[in-house]
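>>> quick one: sequence plus predicted model below, questions after.
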Amino acid sequence: MRFEDAAQNSHDAAPDEKLSVPDDAIVRMGREKSAKSGDKHRIIDRLLSVKEGSHDPEVTTVLAKASTWAYSDIKSFQTMLKDHGIDCECIRLTFENEALFVFPYAYLAQSKDGRLAILCIRGTRPMSLITWLMSTNVRMDPFKRGGSVHCGFARATAALWPQLRPYLKGLSEGIPICRIFDDVTPPESCPPPDPADRAVGPRRAARSGPGGEPRCALEALYITGHSLGGALAVLTAARIYTDREFERLRDVLRGVYTFGQPMVGNRKFARTVGRKFESKLFRHVYRKDIVPRLPPCSLGRFEHFGREYSRKNGRWMRRRKTVKQVPWLVMYMALGVSALIIDQVPWLRWLRLPVSWGDHSPWWYLRTSKKSEHGFEFG
């Protein structure tokens, strides 16, 4: 009898009848359970083992999926990471002021063992006028340590920073994200505090295990985002590298992975501030995606930095030359929309346009990062 049949018929067995299960079925189930558990530990270990400045395909897959699911609610985002092998605690960080045209939105996740953290910043939402206005506010603002940056991106990062800063500081000190503040109730996504922690305070209790040994020592931090989220990820890294308070955090920042990221600053910014972490910045550009070629030259001189990867033979390959700014806004925006329409009409696909809005979808970035069947983005 197969094990499945035995399980199905177990309710029909007599109360005193002993159900017989083949030994090989038990062994097989044990192996499958161990493999599944081992796979979950393996993905975290993989993210921890990547060397500084190394672009890793498996890390790219995880972060591309995180950037895609950053557009969903926090529970779905947390479940996605767990299904991918990262059992974690997660908090939401956001700030909204319509009059100032700012609405940054981010998730900060930390593995249950405290060794891994992922900061994922949401991109421009298609139906959100505020995030569109935030992205199109291209006036240049000076950056405190060199060069100038996109005003809309800089304001969004500045709006999010007061919330994000204490969590980053806590991570660098070995404090779990759900125990950063002694006097603040943890978010709903965090487990309830241990009653035993109340005697010494959650911050102090978080620093040591039951035997007093240190715990929650952060070993790796990744910052990621798609579109606008990628731009804010770069500016967040820039703040980490220009603030002495985060010198310790720089050592564990393994990479900034962006997908369809627009340019964030001028040449001086790229060659002063950007140079501090350009070896850790991995920019992914899918085919003729228009967004990495924005803002246009007509609105100011911007420049990319970091390592650029483009799609070749169905996977990400490093390219030596970075994409350049498009000359004019209105003309190329129209070409991008036209390319999106043409791609939906089979008999027009022979037309080749220089840019496309269709190539900007996070779905394409995820599909290139993870070869799989249709519907893989939900599994």
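Cool, the structure landed. Not measured: the values here are computed from a predicted model.
>>> contacts, neighbours, all on C-alpha from now
OK.
>>> model confidence for R155, exactly?
Per-residue confidence at R155 stands at 91 (pLDDT).
>>> same question, the one 3 residues further on
We have a pLDDT of 94 for A158.
>>> element containing it?
Secondary structure assignment for A158, by DSSP states H and E: helix 151-172.
>>> now do the buried residues in that helix.
Taking 16 or more other Cα atoms under 10 Å as the basis for neighbour counts, the residues of helix 151-172 that come out buried are 151-161, 164-165, 167-172.
>>> mind listing residues that contact that helix?
With contacts defined as Cα atoms under 8 Å, 6 or more residues apart in numbering, helix 151-172 is touched by 93-95, 102-105, 134-141, 176-177, 180, 217-218, 228, 231-232, 235-236, 245-246, 248-249, 264.
>>> for that helix, C-alpha coordinates in CSV please.
Extracted as CSV, the C-alpha positions of helix 151-172 are listed here (Å, rounded to 0.1, in the frame of the first residue of the first chain):
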residue,chain,number,x,y,z
CYS,A,151,15.3,67.4,-6.4
GLY,A,152,12.3,65.0,-6.3
PHE,A,153,14.4,62.0,-5.4
ALA,A,154,16.4,63.9,-2.8
ARG,A,155,13.2,65.2,-1.1
ALA,A,156,11.7,61.7,-1.0
THR,A,157,14.9,60.3,0.5
ALA,A,158,15.0,63.1,3.1
ALA,A,159,11.3,62.6,4.0
LEU,A,160,12.0,58.9,4.7
TRP,A,161,15.3,59.3,6.4
PRO,A,162,14.1,60.3,9.9
GLN,A,163,12.1,57.1,10.1
LEU,A,164,14.8,54.9,8.5
ARG,A,165,17.8,56.3,10.3
PRO,A,166,17.2,54.8,13.8
TYR,A,167,16.5,51.4,12.3
LEU,A,168,19.8,51.4,10.4
LYS,A,169,21.6,52.6,13.5
GLY,A,170,20.0,49.9,15.5
LEU,A,171,21.0,47.2,13.0
SER,A,172,24.6,48.4,13.1
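>>> so which residues of the stretch 51-200 of the chain form strands?
Counting by DSSP state E, counting those that start in this stretch, one finds strands in the stretch 51-200 of the chain at the ranges 88-94, 105-111, 116-121, 140-142, 148-150.
>>> among those, which is nearest Y286?
Nearest to Y286 among those is strand 116-121; the distance by Cα to Cα comes to 19.1 Å.
>>> any stretches of the stretch 201-350 of the chain with poor pLDDT?
Low-confidence segments of the stretch 201-350 of the chain, defined by pLDDT under 70, are located at 201-216.
>>> which residues of it fall in helices?
Counting by DSSP state H, counting those that start in this stretch, residue ranges of the helices within the stretch 201-350 of the chain are 202-206, 228-241, 247-252, 267-272, 329-342.
>>> export those helices to TSV and tack on distance to D73 and mean neighbour count?
Supplementary listing: those in TSV, determined by distance: least, Cα to Cα, whole Å; neighbours: other Cα atoms under 10 Å:
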stretch	distance to D73	mean neighbour count
helix 202-206	27	19
helix 228-241	16	25
helix 247-252	27	16
helix 267-272	33	18
helix 329-342	27	17
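>>> make CSV from the ones you listed and add distance to L281 to it.
Supplementary listing: those in CSV, determined by distance: least, Cα to Cα, whole Å:
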stretch, distance to L281
helix 202-206, 31
helix 228-241, 8
helix 247-252, 13
helix 267-272, 12
helix 329-342, 26
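>>> one step back: tilt between the helix holding A158 and helix 228-241?
Put simply, helix 151-172 runs at 60 degrees to helix 228-241, going by axes from the mean of the first three to the mean of the last three Cα atoms, to 10 degrees.
>>> tell me which of the strands of the stretch 51-200 of the chain sits most buried.
Most buried of these by mean neighbour count (mean count of other Cα atoms under 10 Å) is strand 116-121; its value is a mean of 26.
>>> sheet-wise, list the partners of that strand with their directions.
Strand 116-121 sits in its sheet next to strand 105-111 (antiparallel), strand 220-226 (parallel), going by DSSP bridges.
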